[in-house]
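**Q** here is my input; please provide its structure:
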Amino acid sequence: MLKIQAEANVPTDFGLFKMIAFSEQESDWMPHIALVADHTDFSKPVNVRFHSECITGEVFHSKKCECGQQLDFAMKYMQENGGAIIYLRQEGRSIGIINKLKAYALQEKGADTVQANLQLGLPADGRDFQVAIEILKLLGISEINLLTNNPDKIKFVEESDIKFNQRIPLQIDSTPESESYLNVKKKYFGHLLKD
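**A** Numbering: from 1, shown residues only. Take a look at the predicted model:
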């Protein structure tokens with residue numbers, strides 16, 4: 001069972017967020033995190049983003065994906081409109097950074113992101129968004145607008161006790177480096193992306 005282990009207000013470039021750490025054990029060094037904009041109204045449907053960790057894109061600004069830009073967009077959106085980001089420690093679609101770098105090496109030889117994972121004997125996408133549902137319940141959020149392009153995230157919400165109100169698109173323009181990655185998201189995973 002997840003529990004709130006710690007929380008504090010954190011000023012950011014986008015505004016003030018309450019940062020809340022969730023894990024089963026207080027000693028967990030990799031807790032899931034919620035970032036809740038300070039003026040969020042919990043009496044209305046709450047704007048929510050489920051965001052999986054991406055150290056390459058968020059910290060080191062890799063151009064192979066749009067994860068860093070998605071997180072920035074979400075933080076800005078939540079500050080302007082109220083809401084929460086559920087930051088899940090599921091690096092590389094839950095394969096971890098070491099396997100992600102191995103997958104990158106296979107991509108350099110011509111594999112796409114899904115092919116690379118499968119060649120390593122890993123799932124195309126091993127993430128589980130049930131933990132995000134659990135965090136929403138711990139936060140007292142019962143109805144959401146979901147900031148996503150991923151139909152699997154919508155499905156997780158619709159099959160839960162959380163009421164799904166509407167989807168908010170999150171479209172980031174592709175770059176030459178991320179074009180193949182975004183095409184796989186659209187064609188293989190069915191992400192709701194414009195051409």
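
**Q** which residues does the closest residue to residue 91 other than its chain neighbours contact?
**A** Distances taken as C-beta to C-beta, 6 or more residues apart in numbering place residue 53 nearest to residue 91, at 4.8 Å, with adjacent residues excluded. Every residue, glycine included, has its C-beta placed from N, CA and C. By C-beta atoms under 8 Å, 6 or more residues apart in numbering, the contact list for residue 53 reads 87, 88, 89, 90, 91.

**Q** residues contacting the fourth one?
**A** With C-beta under 8 Å, 6+ apart as the criterion, the residues that contact residue 90 are 52, 53, 126, 127, 128.

**Q** check the first one too.
**A** For residue 87, the residues meeting the contact criterion (C-beta under 8 Å, 6+ apart) are 32, 33, 34, 35, 51, 53.

**Q** just the element for it, please.
**A** strand 84-88 (DSSP states H and E).

**Q** partner strands of that strand, with direction?
**A** Sheet pairing for strand 84-88, assigned by DSSP bridges, gives strand 32-37 (antiparallel), strand 46-52 (parallel).

**Q** what residues sit buried inside that strand?
**A** Residues 84, 85, 86, 87, 88 are the ones in strand 84-88 that count as buried (16 or more other C-beta atoms under 10 Å).

**Q** can I get those residues in TSV including pLDDT?
**A** Formatted as TSV, the buried residues of strand 84-88 follow (pLDDT from 0 to 100):
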residue	pLDDT
84	98
85	98
86	98
87	98
88	97
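
**Q** quick check, nearest of these to residue 24?
**A** residue 88 (14.5 Å; C-beta to C-beta).

**Q** check contacts around the closest one.
**A** Neighbour list for residue 88: 32, 50, 51, 52, 53, 127, 129, 131, 132 [criterion: C-beta under 8 Å, 6+ apart].

**Q** and residue 115, its phi and psi?
**A** phi -60, psi -40 (degrees, to the nearest 10).

**Q** and for the one 3 residues further on?
**A** Taking degrees, to the nearest 10, you get phi -70, psi -40 for the backbone angles of residue 118.

**Q** neighbours of it, how many?
**A** Using other C-beta atoms under 10 Å, residue 118 has 15 neighbouring residues.

**Q** quick check: it touching residue 124?
**A** Yes. In this structure, residue 118 is within contact of residue 124 by C-beta atoms under 8 Å, at 6.4 Å.

**Q** where does pLDDT dip in the protein?
**A** Applying pLDDT under 70 to the chain flags residues 172-195.

**Q** and the helices in the protein?
**A** Ranges of helices within the chain are 55-58, 67-81, 91-94, 96-108, 113-119, 130-139, 151-158, 179-187, based on DSSP state H.

**Q** need the contact list for the residue most central in space within the chain.
**A** In the chain, the C-alpha nearest the mean C-alpha coordinate belongs to residue 51, at 1.2 Å (C-alpha atoms, centre = their mean). With contact taken as C-beta under 8 Å, 6+ apart, residue 51 is in contact with 67, 70, 71, 74, 85, 86, 87, 88.
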